[in-house]
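> Sequence unavailable; structure follows:
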């Protein structure tokens, strides 16, 4: 899979299966005060790491690994249950799924805490995409 194919598969999974709150897509204008009036929103980032050779030859199978990082936000100083529910929903849509030629691992959620405006959790989902399959 190319980086674009990986990106499109991940975006499609979020768009199709997550509607609990707005998504702040990379390189798109997003103002939480305007676009997420409830204070709840998600910011996804796709981080691709090393690609490795699985088989020799120009047409051999390869592997592209990475992590889907989902920052899950809620309003600071208010009940955080909804933020945790949103994180759980995001875990569920990726947990051990095989989409196209991507195999997703077991997700993990970490409490980041609060800054001046928002309370935040981080959901990380490792993946392996098969190249030349």
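Perfect, I can see it now. Computed from a predicted structure; not experimentally measured.
> Work out the gap between stretch 88-105 and the centre of the chain.
Taking the mean of its C-alpha atoms, stretch 88-105 sits 10 Å from the chain's own mean (CA atoms, centre = their mean, to the nearest Å).
> Quick check: phi and psi on residue 121?
Phi and psi for residue 121, reported as degrees, to the nearest 10, are phi -120, psi 160.
> any chance you could map the strands in this protein?
41-53, 62-75, 98-99, 102-104, 108-114, 118-131 (DSSP state E).
> and the angle from the fifth one to strand 62-75?
Angle, strand 108-114 to strand 62-75, by axes from the mean of the first three to the mean of the last three CA atoms, to 10 degrees: 40 degrees.
> what helices or strands is the helix or strand of the chain with the lowest mean pLDDT leaning on?
In the chain, no helix or strand scores lower on mean pLDDT, DSSP states H and E than strand 41-53, which sits at a mean of 90. Applying 3 or more CB pairs under 8 Å, 6 or more residues apart in numbering; DSSP states H and E, one finds that strand 41-53 contacts helix 3-17, strand 62-75. Just so you know, the C-beta spots here come from the backbone N, C-alpha and C atoms, and that holds for glycine as well.
> Export those as CSV, with columns for mean pLDDT, mean neighbour count and distance to residue 38.
Formatted as CSV, the helices and strands packed on strand 41-53 follow (pLDDT from 0 to 100; neighbours: other CB atoms under 10 Å; distance: least, CB to CB, whole Å):
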stretch, mean pLDDT, mean neighbour count, distance to residue 38
helix 3-17, 96, 15, 18
strand 62-75, 95, 20, 8
